[in-house]
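Participant: test case, fold it:
(one chain, ligands or ions: 3)
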Amino acid sequence: MTSAGVPTTSHWGAYLARPDASADGGIAVLPHPADPAPSPLLGNVAGALRHRTRVARPAVRRGWLERAARGLDPVPSDRRGAEPFVELPWDEALDLLAAELTRVRERHGNEAVFGGSYGWASAGRFHHAQSQLHRFLNLYGGYTSSRNSYSLATSLVVLPHIVGDADTVLRRASSWPTIVEHTELIVAFGGIPAKNVFVTPGGVTRHVTPGALDALARRGTEVVLISPLRADLPGSAPATDWIPIEPATDTALMLALAHTLLAENLYDREFLERCTAGFDVFERYLDGRADGVAKDAAWAAPICGVAAERIRALARRMAAARTLVTVTWSLQRIQHGEQPIWAGIALAAMLGQIGLPGGGFGHGYGSMGDVGDHGPEARLPHLSQGTNPVRTFIPVARIADMLLHPGEQYDYDGARLTYPDIRLVYWAGGNPFHHHQHLARLRRAFARTDTVVVHEPYWTASARHADFVLPVTTTLEREDLGGGRRDTHLIAMHRAADPYAEARDDYAILAGLADRLGFGEAFTEGRSAREWLVHLYEPWRPSVGAPPFEEFWAAGQFELPAGPEHFTLFEHFRADPRGAPLRTPSGRIELYSPTVAGFGYPDCPGHPVWLEPDEWHGAPAARRFPLVLIANQPSTRLHSQLDVGPVSRAAKVAGREAIRLHPADAAARGIAEGEVVRVFNDRGACLAGAVLTAQVRPGVVQLPTGAWYDPLPQPGGAEPLCVHGNPNAVTADLPSSRLSQGCTGQHALVQVERYAGDPPPVTVTAPPTLLRKEDL
Ligand SMILES: Nc1nc2c(c(=O)[nH]1)N[C@H]1C(S)=C(S)[C@@H](COP(=O)(O)OP(=O)(O)OC[C@H]3O[C@@H](n4cnc5c(=O)[nH]c(N)nc54)[C@H](O)[C@@H]3O)O[C@H]1N2
Ligand SMILES: Nc1nc2c(c(=O)[nH]1)N[C@H]1C(S)=C(S)[C@@H](COP(=O)(O)OP(=O)(O)OC[C@H]3O[C@@H](n4cnc5c(=O)[nH]c(N)nc54)[C@H](O)[C@@H]3O)O[C@H]1N2
Ligand SMILES: [Mo]
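Facilitator: Ligands and ions are numbered 1, 2, ... in the order given. Take a look at the predicted model:
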C-alpha cells in the first residue's frame, strides 16, 4: 500500500484510488507504479463513479408492478424499454422477485430461466457477477446457460477440430520476447491494434504489448498490416506495407498466398507430411482440381482488392524470412469466421515454421493484452459455482433466436439442439443491449418473456429494457481479490468509496433472495464478503508462497512467481509430433477435418474455403447499402462500460459516437467533418458524428461498439433510430455458421447520409423516468 491511494484493479489494469474531495467523483485515480504502460481507460473511472446514471434504488417497470398489484401473473410485454420505473424499498423488491422466481420454477421448471448472463462485469475474483449469479441459480435448481463468448465463439469451436484445443493457441501463444528476438516478418491480418491491448479479463498489473511493439520498431522488424484501417498498427511500428484489404476477404488473400507458395514450390513438404493431415485434400482445392477454380493471386485480386503481383511478392517474402502469421479475433467475428482461422493456420503450416521461435501462427496479438504476455500462469483464487442440474444451453449469440423461436431445432458443432421456452431472463454483469446484434430484433425477443431481471450499477440500455433493476456497487465500493490471466500480481482490492445511494453487492442481493427462497445458508455458507476473501485466499496461498491474508491485505498486493520469458506455440509438438501429439483425431494439425466434413454443413466444409458472406461489397445488398461498416472495439472504453466517463465523452462528435469515413465517401454524400450523419440499412439506423480520414479504405466506414443504445421510436412501424451511435442498431443477427453459431457483429452493409435538420437529443446520459409508489 502506498500513501498515493488504495490498490484496486480493473479489466484495463491495476491502479490506485485515493479519496479526493476536489476531484471529479470524489476520487483520484493513479496508475499502478509497476505498470510501464497504464491504460488511457483509467481516465473514465473517477468521472463515472458518481454519475447521475448510477442506479440509486431498486426499480420495477410500472406495467409489471401494476399487474403484480392486481394479483396477476406477469405476461410478455413490448412495453419493456418504453415505460417508466417505480422505485421500491429493497425488501419489497426482493420479496416480489423471490415470489416470481418461485412461480416460474413451479409453473415452467428451471429450464425456463435463462441465466447465461454473458458479459464482462468487473474485475475481482469474489464479486465476479456471473460467478455469483451462476452459483445462486445452481442452488435454485439450475437454469438454461450459454456457451462460449461473443469474443471468440467461432475459434473456440473450430480450433479443437484443427489443432485439438483452443486453449493452447490462446494461452500458450509465442511470447513477445521470443517474437522480438526471432521474428523477421509479421504478416498481421487485422493488424496489432494497440487500442485493444490494455484489456485482459480480470486485469493485469504490467502491460507488456505496448513495450513489445516499441521493441519491434527499434529492431526494424517488418510488419505487414493487412486491414481496412491504418490505425490497426501503431504509427511507430515499421509497417513496410499497409495492405488496405476489402473487409471479410482475408481468406481469399490467404488462399492466394498459399497458392503462390504451392505454384512456386516455396512450401515445406517435409513439415506438412510430418505435422499435418489432409494437405492433399486442401491442395486439390487450392490448385483447382476440386472445383475447376485455381485459388491463385489473379483469382483473389478482384475479391480482396489487392493487386495480384503484390500478393505474389508477399508470398515470396514470407517464404524467405522467419515469418509469423497473426490473425486478430475480429476476423472470426463475421459470417464464415472459421475460414480465416483455418486458412491462416494452413498458410503458416505451408511455410513450415510452426513451432520454430518467431515463426508460425498466432491468434489475437493486439486483440487481448494477455496474448504474447509471458507473465505467470498462476491459477488464481476463485469462487466455486457448483453444478447446474439443467443441461440445456445455447451458443451465446443465439439469444434472440432462442427467445423468438422456442421449440425450434438448430445445428451446433455436429449436434442438433432445441431452443427452450424461456419465461424469465436474469442478467448480472453484462449488457446485451450493447453486445448483441440487430437490437430492434432483440427488443422484440425480450418482449416475449414474462420477466427480465438486471443487476447494474448504471442505467444502461439493458437496465432500461428490464422489469427489475437492482442497483449494484462498483469495485471501488467493495473489497475483493484482483488478478487476471498472466497477471504478475494478486491485488488486494481495497474499498475506496462508500456504496452509491442504496447500491448493494451482487453477493448481498443474491444472498437476500437465497434467504427468501430457503437456501440462504447454502449460498453464503455463513460468511461475510470479507470472510469469503480469506476463505478463497488461504487454501490458495501455499501454491504460490504467498503470506497470510492479513499481511497480504496490508501490503496491498502479492507478486506472483515469474515464469519463463521465452516460449513458442507448438514447440513440443513440432519437436516430436508422435510423442507429443495434438488432441485431434490424427494427432496432427488437420488441414482437412473428416469430422467437420462429416457434419455436412455447406457453410463450413471440411477444409479452409472461400465463401461469400452476406455483409460484404460483393453481396447483392451492397447495391442499396454500399458501405461496409466495421463495428470494432472502442479505443475510449471497454465495450459499453463507463461510456459516461470523461475519456469516452471527450471522443464523441456532436454528442454522438464518432464514425470514421474516407473523405471521398464523405464528399460523395455532402458530409463535412463534425456533422451528424444517419447510418442505416433495412435492420435499423443510428446517428453518429462524422470524422473524415484517409486512413480507412474507401467504401469502408468504422463505428466502434459501446455507445449506450438510445432508441427513438419512428413513425410508420419503422425500426427505432438510435440517436447515440450504437452500431448494433444496424448489424445482422446472423450466426458465423452452423458449426459454431458465433457472433458476426464485426461487419454490416450500410448507407450513410447527412442528417437533415436538428438531430434529436441523446437521452441515455440521464436516468429514465423514475416514479414513487405513491405516484401510481
Ligand atoms: N457489433 C459488434 N458487437 C459486439 C462486438 C463486435 O465486435 N461488434 N464485440 C463483442 C464482444 S467481443 C464482447 S466481449 C461483447 C461485450 O459485451 P458485454 O460484456 O456485455 O459489455 P460490457 O459493456 O462490458 O457490459 C458489462 C456490464 O456489466 C456492468 N457491470 C460492471 N461491473 C458490474 C458488477 O460488479 N455487477 C454487475 N451486476 N454489473 C456490473 C457494466 O456496467 C456493464 O453494463 O460485445 C460484443 N458485441
Ligand atoms: N480499448 C478496448 N480494448 C478492448 C476491448 C474494448 O472494448 N476496448 N474489448 C476487448 C475484447 S472483449 C475483445 S474480444 C478484444 C477483441 O479483439 P478484436 O476482435 O481483434 O478487436 P476489434 O477492435 O474488434 O478488431 C480488430 C481490428 O480488426 C480489423 N478488421 C475488421 N474487419 C476486418 C477484416 O475483414 N479484415 C481485416 N484484415 N481486418 C479487419 C478492424 O480494423 C479492427 O480494428 O478486444 C479487447 N480489447
Ligand atoms: Mo470480447
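Participant: so which residues of the stretch 301-450 of the chain form strands?
Facilitator: 323-327, 360-363, 393-395, 409-412, 415-418, 424-428 (DSSP state E, counting those that start in this stretch).
Participant: and of those strands, who's closest to ligand 2?
Facilitator: strand 323-327 (8.4 Å; Cβ to the nearest ligand atom). Bear in mind the C-beta positions are built from the backbone N, C-alpha and C, glycine included.
Participant: beta partners of the nearest residue to residue 247 once chain neighbours are set aside?
Facilitator: Spatial nearest neighbour of residue 247, excluding adjacent residues (Cβ to Cβ, 6 or more residues apart in numbering): residue 628 at 4.6 Å. Residue 628 has the following beta-bridge partners by DSSP bridges: residue 700, residue 749.
Participant: out of the strands of the stretch 301-450 of the chain, the one nearest residue 134 is which?
Facilitator: strand 424-428 (9.3 Å; Cβ to Cβ).
Participant: mind listing residues that contact stretch 429-438?
Facilitator: Residues from elsewhere that reach stretch 429-438, judged by Cβ atoms under 8 Å, 6 or more residues apart in numbering: 117-122, 128-130, 133, 150, 397, 399-400, 439, 442, 455, 460-462, 464-465, 506, 639-640, 683-684, 705-706, 708-709, 726, 728, 731-734, 743-745.
Participant: and it, anywhere near ligand 2?
Facilitator: No. Using Cβ under 6 Å from any ligand atom, stretch 429-438 stays clear of ligand 2, coming no nearer than 9.2 Å.
Participant: ok, that stretch near ligand 1 or not?
Facilitator: Yes. Stretch 429-438 lies within reach of ligand 1 by Cβ under 6 Å from any ligand atom, at 429, 430, 431, 434, 435, 437.
Participant: look up how far residue 726 lies from the residue nearest to residue 247.
Facilitator: Counting by Cβ to Cβ, to the nearest Å, the gap from residue 628 to residue 726 is 18 Å.
Participant: which residues of the stretch 401-550 of the chain lie near ligand 1?
Facilitator: 428-431, 434-435, 437, 455-458, 460, 472, 506.
Participant: select from the residues you listed the one having the most neighbours.
Facilitator: residue 472 (30 neighbours; other Cβ atoms under 10 Å).
Participant: these two touch, right, it and residue 455?
Facilitator: Yes. Assessed by Cβ atoms under 8 Å, residue 472 is found in contact with residue 455 at 4.9 Å.
Participant: quickly list what's touching both of these two.
Facilitator: 129, 428, 506, 509.
Participant: for the second one, give me its contacts.
Facilitator: Read that as residue 428. 117, 121, 129, 130, 132, 133, 454, 455, 472, 506.
Participant: mind doing that once more with 6 Å?
Facilitator: Listed by Cβ atoms under 6 Å, 6 or more residues apart in numbering, the contact partners of residue 428 are 117, 129, 133, 455, 506.
Participant: for the last one, give me the pLDDT.
Facilitator: According to the per-residue confidence, residue 506 scores 98 in pLDDT.
Participant: who's in contact with it?
Facilitator: 129, 132, 428, 455, 472.
Participant: do you know how far it is from residue 539?
Facilitator: 23 Å.
Participant: what's the answer for the fourth one, then?
Facilitator: With the distance defined as Cβ to Cβ, residue 455 ends up 28 Å from residue 539.
Participant: what do you get for the first one?
Facilitator: With distances defined as Cβ to Cβ, the gap from residue 117 to residue 539 amounts to 27 Å.
Participant: between these two, which has more neighbouring residues?
Facilitator: Higher neighbour count among residue 117 and residue 539: residue 117, with 25 against 9, using other Cβ under 10 Å.
Participant: any chance of the strands of the stretch 301-450 of the chain in CSV, plus distance to ligand 2 and mean pLDDT?
Facilitator: Output for the strands of the stretch 301-450 of the chain, formatted as CSV (distance: least, Cβ to the nearest ligand atom, whole Å; pLDDT from 0 to 100):
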stretch, distance to ligand 2, mean pLDDT
strand 323-327, 8, 98
strand 360-363, 9, 98
strand 393-395, 16, 98
strand 409-412, 21, 98
strand 415-418, 24, 98
strand 424-428, 17, 98
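Participant: in a markdown table, list those strands along with distance to residue 7.
Facilitator: Shown next, in a markdown table, are the strands of the stretch 301-450 of the chain (distance: least, Cβ to Cβ, whole Å):
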| stretch | distance to residue 7 |
| --- | --- |
| strand 323-327 | 34 |
| strand 360-363 | 32 |
| strand 393-395 | 37 |
| strand 409-412 | 42 |
| strand 415-418 | 44 |
| strand 424-428 | 25 |
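Participant: helix, strand or coil for the closest residue to ligand 1 within the chain?
Facilitator: Of all residues in the chain, residue 745 sits closest to ligand 1, at 2.7 Å by Cβ to the nearest ligand atom. Recorded secondary structure, residue 745: coil (DSSP: H, G, I helix; E, B strand; the rest coil).
Participant: that one against residue 731, yeah?
Facilitator: Yes. Taking contacts as Cβ atoms under 6 Å, residue 745 lies within contact range of residue 731: 4.8 Å.
Participant: quick check: neighbours shared by the two?
Facilitator: 437, 631.
Participant: now for the protein, the helix or strand with the poorest mean pLDDT.
Facilitator: Least confident element among the helices and strands of the chain, by mean pLDDT, DSSP states H and E: strand 239-243 (a mean of 83).
Participant: that strand vs ligand 2: in contact?
Facilitator: No. Using Cβ under 6 Å from any ligand atom, strand 239-243 never reaches ligand 2; the gap is at least 8.3 Å.
Participant: listing partners with orientation, what would you give for that strand?
Facilitator: Going by DSSP bridges, the partners of strand 239-243 are strand 222-226 (parallel).
Participant: quick one, which of residue 628 and residue 726 is more surrounded?
Facilitator: Neighbour comparison, residue 628 and residue 726: the larger count goes to residue 726, with 32 against 23 (by other Cβ under 10 Å).
Participant: and residue 17, which of the three is it?
Facilitator: Quick answer, by three-state DSSP: residue 17 is strand.
Participant: distance of it from ligand 2?
Facilitator: As judged by Cβ to the nearest ligand atom, to the nearest Å, residue 17 and ligand 2 stand 20 Å apart.
Participant: where do the helices of the stretch 1-150 of the chain begin and end?
Facilitator: 45-49, 62-69, 90-108, 129-139 (DSSP state H, counting those that start in this stretch).
Participant: which elements pack onto the last one?
Facilitator: With contacts defined as 3 or more Cβ pairs under 6 Å, 6 or more residues apart in numbering; DSSP states H and E, the secondary structure elements packing on helix 129-139 are helix 506-517.
Participant: repeat that for 8 Å
Facilitator: strand 424-428, helix 506-517, helix 520-524 (3 or more Cβ pairs under 8 Å, 6 or more residues apart in numbering; DSSP states H and E).
Participant: distance from the longest one to the middle of the chain?
Facilitator: Between the centre of helix 506-517 and the centre of its chain there are 29 Å (Cα atoms, centre = their mean, to the nearest Å).
Participant: in that helix, which residues are buried?
Facilitator: 506, 507, 508, 509, 510, 511, 512, 513, 514, 516, 517 (16 or more other Cβ atoms under 10 Å).
Participant: isn't the fifth one right next to residue 133, touching?
Facilitator: Meaning residue 510. Yes. Assessed by Cβ under 8 Å, residue 510 is found in contact with residue 133 at 6.8 Å.
Participant: next up, the contacts around residue 388.
Facilitator: If you count contacts by Cβ under 8 Å, 6+ apart, then residue 388 has 134, 137, 138, 142, 143, 145 around it.
Participant: just the buried ones from those?
Facilitator: Burial by neighbour count, judged by 16+ other Cβ under 10 Å, picks out 134, 137, 138, 142, 143, 145 from the contacts of residue 388.
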